[in-house]
Structure formats: C-alpha cells, structure tokens
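Participant: I would like to see how this sequence folds:
(one chain, ligands or ions: 1)
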Amino acid sequence: MFKFTAKALIVAMSFGVASFAAHADPITIKFSHVVAEHTPKGQGALLFKQLAEERLPGKVKVEVYPNSSLFGDGKEMEALMLGDVQIIAPSLAKFEHYSKPIQIFDLPFLFDDMDAVDRFQKGPVGQELLKSMEDKGITGLAYWHNGLKQLSANKKLVEPKDARGQKFRVQASAVLDEQFKALRAIPRKMSFSEVYQGLQTGVVNGAENPYSNIYSQKMHEVQKYITESNHGLLDYMVITNTKFWNELPEDIRTTLSEVMDEVTVEVNKKAAALNERDKQAILDAKTTEIIYLTPEQREKWREAMRPVWKKFEAEIGAERIQAAEAANKQ
Ligand code: LMR
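Facilitator: Sure thing, here's the model as predicted:
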C-alpha cells in the first residue's frame with residue numbers, strides 16, 4: 001500500500017512538474033527603440049517578435065515599444081543595464097561612454113558604401129566590437145543597417161562653407177560634434193524624439209539622417225533642402241543585458257540567437273530599399289529639394305571633415321581604422 005502511495009506520489013509530482021513547465025509564464029522580452037515602425041529598425045524589431053514567438057510558443061513573449069514610447073535616447077541604455085528592458089538597438093553613435101572604439105563608425109567618409117560596412121562588421125574588428133562592452137554588462141547581438149546619412153537644412157548646402165554658422169542637431173557623439181565644428185558650424189546634441197520640434201522652432205537649422213529617419217519623422221516638412229552627401233553611417237548595434245542573456249535557458253538562448261541572425265540578414269537586405277522608398281516619398285511630397293553633389297563638390301566635404309579622424313585615432317585605434325579602410329578595397 002505504502003509502495004503504491006509513494007509511486008502515485010511520484011507520478012503526481014512529475015505531472016505537477018510537467019504542468020508547471022507547460023503553464024510557466026513566458027519570458028517577456030521588452031524591445032524598446034526610438035524610430036517609427038516602418039523604418040529598417042522598426043521592421044526588424046517586429047520581425048524579431050514574430051519569429052521569436054513563432055519558434056518559442058508559450059515560452060517567449062516579445063513586446064516592442066517604438067518611437068521612444070517606453071524609453072528615449074539617454075534613458076534606454078540605463079534601462080537595459082537595470083533590466084527594465086531586455087533588447088535595445090541604439091545607433092552606433094550612442095556608445096561612446098561604453099566603448100571608445102565603437103566611435104569608429106561615426107568617422108565621416110570612412111566607408112565607400114554599405115557593402116564595405118557589411119564586410120567590416122562581419123570581419124574580426126566588427127565582431128570584436130560586439131563583445132567590447134561585456135565587462136559593463138552589455139552584449140552585442142548584431143549589427144543592423146539603416147544606411148548613409150544626408151545633410152538637411154533650410155539653406156542650400158553645396159560646399160562646406162555653406163554650413164558655416166548653421167546649427168545642426170547631432171546625436172550624443174563627440175565625433176559628430178567635431179565633424180560639424182570642422183565645418184565651422186554649431187553642433188547641438190539633442191535626442192531623436194526632439195529633432196522635429198527643434199527644426200520647426202529653429203533651435204537648430206539642420207540635421208544629418210538617412211532618408212528613412214527624415215521621412216518617418218516628417219523632417220522634410222521643416223527642411224527645404226537635403227544634400228545627398230552620404231558622408232557618414234547610421235547603423236545600429238542590437239544589444240542585450242549580458243546577465244539576462246547568459247541566464248536564459250540554453251535552448252531558448254540558442255533559438256533567439258538563430259532568430260536574431262535571420263532577422264539581421266533580412267533587415268540588412270531591405271534597409272537600402274526602405275531608404276529609397278522614403279527618398280521617393282520625400283520627392284513626391286515636394287517640400288524639399290534634393291541636391292546632388294558632383295564628385296568635386298563631395299571631395300570638398302571629405303577634405304573639410306577628414307581632420308576629425310586624427311582627433312579620435314588614439315581612442316579608436318589606428319589599426320581598427322586601417323581595417324575599415326581595407327574593407328573599402330575588397
Ligand atoms: C538619431 O538619433 O538620429 C538616430 O540614432 C535615431 C535612430 O535610432 O535611427
């Protein structure tokens with residue numbers, strides 16, 4: 001009798017465990033970002049949610065918060081470290097307090113095109129940078145493209161001297177600050193959610209963004225000109241809290257990594273087309289003239305901004321800059 005009871009108890013207990021596992025609350029992953037949903041990053045976050053929840057039904061729930069609706073610039077990194085959010089994807093311009101070498105991505109005229117960016121990010125230095133903040137509790141999961149930045153203003157910017165004295169909004173980046181100082185323009189650090197208003201009220205006269213950010217924030221409505229300068233990069237590092245990530249059950253972490261890799265391929269394949277679509281939408285809106293530079297004019301911008309490289313070479317590491325330049329030539 002006792003034997004039977006003990007066996008029954010074990011059976012009952014194992015059912016209990018099984019039913020606990022089946023009904024355990026899913027792990028909630030909050031993914032917060034500052035852009036609109038129809039941009040490359042916005043689309044990537046939604047695809048990550050879709051695939052993660054499909055592959056891990058009942059085990060993982062992903063909540064996406066776009067448009068700075070949960071945390072904006074300046075707050076999202078702290079929120080990640082505190083565990084209030086599990087994934088964010090700040091632009092590469094927003095890491096200088098955590099990893100100086102990541103500043104490399106802000107150097108003006110560093111990459112010839114997005115293929116070169118891809119090669120560098122996939123190469124040894126790009127991969128090293130993903131891991132460069134682990135001692136601070138931040139793990140890099142992937143690089144997502146947005147694309148190359150264009151200058152916008154209410155004044156025609158054809159040559160570097162045209163930017164003199166103009167106030168430009170910059171992301172929180174010392175490199176970008178210096179880039180505009182090199183033009184004798186006035187940089188103003190401002191979080192992304194404030195840019196439209198800043199341009200509208202004249203707190204700043206211009207900005208630098210890929211077309212997808214200009215269009216989705218309606219900046220073209222308050223900027224008469226866009227100079228297609230392609231002078232710098234705006235890409236993202238998708239990051240997570242290292243402790244959260246390492247403590248995930250192994251099967252879940254592996255599946256989420258696979259999903260992230262798939263989403264990364266998709267985002268990076270589609271980002272250029274999304275920017276082209278939004279460039280066309282800006283042209284259709286007829287609010288803004290797009291100025292195309294001759295190779296000679298573009299060269300002048302390069303010459304004016306290039307001195308910035310030397311200022312940051314020691315913090316970034318000359319060998320990393322060489323690796324990035326080598327990515328242009330492959
Ligand atoms: C910006 O602040 O201009 C960008 O980093 C916004 C973004 O996430 O694309």
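Participant: list the contacts for Arg298?
Facilitator: Neighbouring residues of Arg298 by Cβ atoms under 8 Å, 6 or more residues apart in numbering: Ser229. C-betas here are computed from N, CA, C, even on glycine.
Participant: So which bits of the host helix or strand of it are buried?
Facilitator: Secondary-structure element containing Arg298, defined by DSSP states H and E: helix 295-305. Going by neighbour count (16 or more other Cβ atoms under 10 Å), the buried part of helix 295-305 is Gln297, Arg298, Trp301, Ala304, Met305.
Participant: wouldn't the first one be in contact with Glu159 here?
Facilitator: Right, Gln297. Yes - using Cβ atoms under 8 Å, Gln297 makes contact with Glu159 at a distance of 6.3 Å.
Participant: And Leu234, how close does it get to the ligand?
Facilitator: As judged by Cβ to the nearest ligand atom, to the nearest Å, Leu234 and the ligand stand 6 Å apart.
Participant: And the pLDDT at that residue?
Facilitator: As predicted, Leu234 sits at a pLDDT of 98.
Participant: so what's the nearest residue to it once chain neighbours are set aside up against?
Facilitator: Leaving aside its sequence neighbours, Leu234 sits nearest to Asn146 (Cβ to Cβ, 6 or more residues apart in numbering; 4.7 Å). Asn146 sits next to Thr39, Pro40, Lys41, Ser91, Pro210, Ser212, Asn213, Leu234, Asp235, Tyr236, Ala271, Asn275 when contact means Cβ under 8 Å, 6+ apart.
Participant: Asn146 in helix, strand or coil?
Facilitator: strand (DSSP: H, G, I helix; E, B strand; the rest coil).
Participant: Would you mind listing what in the stretch 101-250 of the chain touches the ligand?
Facilitator: With Cβ under 6 Å from any ligand atom as the criterion, the stretch 101-250 of the chain comes near the ligand at residues Asn146, Gln171, Phe192, Asn209, Asn213, Leu234.
Participant: Mind putting these into TSV with secondary structure?
Facilitator: Listed next are those as TSV, based on three-state DSSP:
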residue	secondary structure
Asn146	strand
Gln171	coil
Phe192	helix
Asn209	strand
Asn213	helix
Leu234	strand
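Participant: ok, so of those, who is nearest the ligand?
Facilitator: Phe192 (3.5 Å; Cβ to the nearest ligand atom).
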